[in-house]
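Visitor: Any chance you can model this:
(2 chains)
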2 protein chains.
Amino acid sequence: MPEVRAYAAQSESSGVAPMPIPRRELRPDDVAIDIDYCGICHTDIHFVENDWGGTLYPVVPGHEIIGTVTAVGSEVTGFKAGDRVGVGCLVDSCRECASCDEGLEQYCEQGPTVTYNGEDRHDGTRTYGGYSEHIVVSDRFVLHVPDALDPAAAAPLLCAGITTYSPLRHFGIGTGHKVGVIGMGGLGHMGVKFARALGAEVVLFTRSQGKVEEAKKQGAHEVVISTDEAQMATMAGQLDFILDTVPVHHDLNPYLMTLKRDGTHILVGMPEPLDPPVDGAALIFGRKRLAGSLIGGLPETQEMLDFCAEHGIVCDIEMLDIAKVNEAYERMKKGDIRYRFVIDMRTLRA
Amino acid sequence: MPEVRAYAAQSESSGVAPMPIPRRELRPDDVAIDIDYCGICHTDIHFVENDWGGTLYPVVPGHEIIGTVTAVGSEVTGFKAGDRVGVGCLVDSCRECASCDEGLEQYCEQGPTVTYNGEDRHDGTRTYGGYSEHIVVSDRFVLHVPDALDPAAAAPLLCAGITTYSPLRHFGIGTGHKVGVIGMGGLGHMGVKFARALGAEVVLFTRSQGKVEEAKKQGAHEVVISTDEAQMATMAGQLDFILDTVPVHHDLNPYLMTLKRDGTHILVGMPEPLDPPVDGAALIFGRKRLAGSLIGGLPETQEMLDFCAEHGIVCDIEMLDIAKVNEAYERMKKGDIRYRFVIDMRTLRA
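Guide: Okay, the predicted model is just below:
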């Protein structure tokens, strides 16, 4: 198998460093992609440091990939060399279950194949992500990136973007709705942009007074300091939906109080036990709902990219060289990034 | 003010005992009702014993009331003396908010007036419930009881019935859905009957092997012993909805696993913090929802009674004399009732 240059983590404490990885020969449905940009998601750090267990070293992180097609397999008709394309969190799925049939590959009943630290469904090889000069992906899992989008700033749309866009669309959020977004990070700032573009009135919840002006600049109509009980009280019974992007434990109960009857609190950030516990009364007295949502399927991801092109939406990013990734991780752990790092992968090929 | 005979609790440990209570003069919209039957809800015990705090003694419990109209106020057109009627958990609301406008008085934004231990919105007097020979209620909160229904067995429909019917209807449960009902008590057995009558395939979850045959008799297509991990595993990803009637702490996570993608777990039994905590991952990986639902509004309660008449549905009851109520409480605490006690209130007038 030919090899390509990549950055991989070799152990829990090594950070990422240069390492060649194998590249598979093109199958009939494959698209070969030279990677131009790759966003850094918090998930990358969790995998590199094995925070969730299950990391298989060496791991090449990165699932916010923008690149250029270099070649396609014999049966590929939707892509050609030179096309600007994207790859997100998924690179394959069973393609046979009800979820796959509906284009909701993220909920594949057999479990989708994830872009890195996954196992190829055909030959059992490891999947390697976007901190690499090149990737080969089956055409169903490759997105067209509209010319109108800045390609570097579009990279985080493949994870942070679709993770917030999908629930807003699935739950029918739009004009006439008042939507709360919790958290003003990579996901949160995209949630604000999308909710605003969909026509909703947007309330941003943050613990930080310092983010108030910035949130309004991003499109929030109102900003509520979530630690201020008086401010939270003014929002009681006001919201149709809440998009909760916070990835660490937090008390959901004060937010449930801000929902109207039949309102829905949507978790996209924290796949862990909800501690402190949710109050059943907050759901029962008001027929409220607590829901979850996971990234998005391929058709909806394409729709999201097209929506972004139409509405002039991209992620706010800071670009860096591949050699600076470990420094970026340290800054991300301190929350020192507005709002997403994107690696200029051309610095790896240079 | 004239007085009527009733059974009231005077303190947390007194149980209920005979005590005269005031009866208000008829207002223009009032319906005067001689009470024939009153179901015993677990809530009655909680109020009598002040389990939730806030009980104002003396308290006359009872919000599953079936009676006969004896007189109506000057503006009442929908009821006349001799009509068989019902009164449930609510006797008034603000009648002005969005929820009241939609006939969802249980979610009244000002808080509805509950049938006992509440405060009359006009004169500030205490509300007294159905363990009484007589009650006076505003016509909007009085239900017509179809002749086809056995009146004693219809009493628990006003709480246990509507509490299970309302969410099944609200969430559109019917033919083509597979619905789990957790718990085989007063609410649970009604949930099974309604889900079956609405056309769903019904799975009853119980901890008790002894309830398997009984659950099938009530209409369950399948019964799963919830403490048997192997049985629970067979149900993984099978259910569209779960109606959770369990009023004590239980682990929701094994049940969330039995939901399909986009499935909804509906709490009607436990208005307390959800301990052990719900796993956010169970919601996110499957876009599942955890919802709550509270009794039902007046129009839907009437619809439910008519549905019951059409489908031959009533509650399974054990009738008792008013003098035996305290004994019934003791039996209910031990779970020794299938499925609802109903007081023959004519024994109070005798």
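Visitor: Report the backbone C-alpha coordinates of the helix or strand where residue A:263 lies in PDB.
Guide: In the assignment (DSSP states H and E), residue A:263 maps to strand A:259-267. Taking Å, rounded to 0.1, in the frame of the first residue of the first chain, the C-alpha atoms of strand A:259-267 are listed here in PDB:
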ATOM      1  CA  LEU A 259     -39.000  26.800  27.800                       C
ATOM      2  CA  LYS A 260     -42.600  27.400  26.900                       C
ATOM      3  CA  ARG A 261     -45.200  24.700  27.200                       C
ATOM      4  CA  ASP A 262     -44.200  22.000  24.600                       C
ATOM      5  CA  GLY A 263     -40.700  23.400  24.300                       C
ATOM      6  CA  THR A 264     -37.700  21.200  23.500                       C
ATOM      7  CA  HIS A 265     -34.200  21.300  25.000                       C
ATOM      8  CA  ILE A 266     -31.800  19.700  22.500                       C
ATOM      9  CA  LEU A 267     -28.500  18.300  23.700                       C
END
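Visitor: What strands line up against it, and which way round?
Guide: Counting by DSSP bridges, the strands paired with strand A:259-267 are strand A:239-244 (parallel), strand A:289-292 (parallel).
Visitor: Of those, which is nearest residue A:93?
Guide: Of all those, it is strand A:289-292 that lies closest to residue A:93, at 18.9 Å by Cβ to Cβ. Heads up, the C-betas are built off the backbone N, CA and C, glycines and all.
Visitor: Averaged pLDDT, that closest one. What do you get?
Guide: For strand A:289-292, the mean per-residue pLDDT is 98.
Visitor: Over to stretch A:304-322?
Guide: Per-residue scores along stretch A:304-322 average to 98.
Visitor: hang on, the earlier thing: following the chain past the strand holding residue A:263, name the next helix or strand.
Guide: Going down the chain from strand A:259-267, the next helix or strand is helix A:280-284, by DSSP H and E.
Visitor: Pipe the strands paired with strand A:259-267 into a markdown table and attach distance to residue A:155 and mean neighbour count per row.
Guide: Shown next, in a markdown table, are the strands paired with strand A:259-267 (distance: least, Cβ to Cβ, whole Å; neighbours: other Cβ atoms under 10 Å in any protein chain shown):
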| stretch | distance to residue A:155 | mean neighbour count |
| --- | --- | --- |
| strand A:239-244 | 21 | 26 |
| strand A:289-292 | 25 | 26 |
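Visitor: Turn the ones you listed into JSON lines, columns for distance to residue B:197.
Guide: Formatted as JSON lines, the strands paired with strand A:259-267 follow (distance: least, Cβ to Cβ, whole Å):
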{"stretch": "strand A:239-244", "distance to residue B:197": "32"}
{"stretch": "strand A:289-292", "distance to residue B:197": "25"}
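Visitor: Chain B contacts on the stretch 151-300 of chain A?
Guide: A:170, A:237, A:261, A:264, A:267-268, A:270-294 (Cβ under 8 Å from any Cβ of the partner chain).
Visitor: among the residues you listed, which ones are buried?
Guide: A:170, A:261, A:264, A:267-268, A:270-272, A:274-275, A:277-294 (16 or more other Cβ atoms under 10 Å in any protein chain shown).
Visitor: The strand holding residue A:263: how far from the chain's middle?
Guide: 22 Å (Cα atoms, centre = their mean, to the nearest Å).
Visitor: do the same with stretch A:239-254
Guide: 17 Å.
Visitor: Ok, stretch A:167-184 next?
Guide: Centre-to-centre, stretch A:167-184 and its host chain are 17 Å apart (Cα atoms, centre = their mean).
Visitor: Show me which residues of that stretch are buried.
Guide: Neighbour counts using 16+ other Cβ under 10 Å place A:167-171, A:173, A:177-184 of stretch A:167-184 among the buried residues.
Visitor: Save the residues you listed as a markdown table, and put in distance to residue B:202 too.
Guide: Output for these, formatted as a markdown table (distance: Cβ to Cβ, whole Å):
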| residue | distance to residue B:202 |
| --- | --- |
| A:167 | 30 |
| A:168 | 34 |
| A:169 | 33 |
| A:170 | 28 |
| A:171 | 28 |
| A:173 | 33 |
| A:177 | 35 |
| A:178 | 38 |
| A:179 | 36 |
| A:180 | 37 |
| A:181 | 39 |
| A:182 | 37 |
| A:183 | 40 |
| A:184 | 45 |
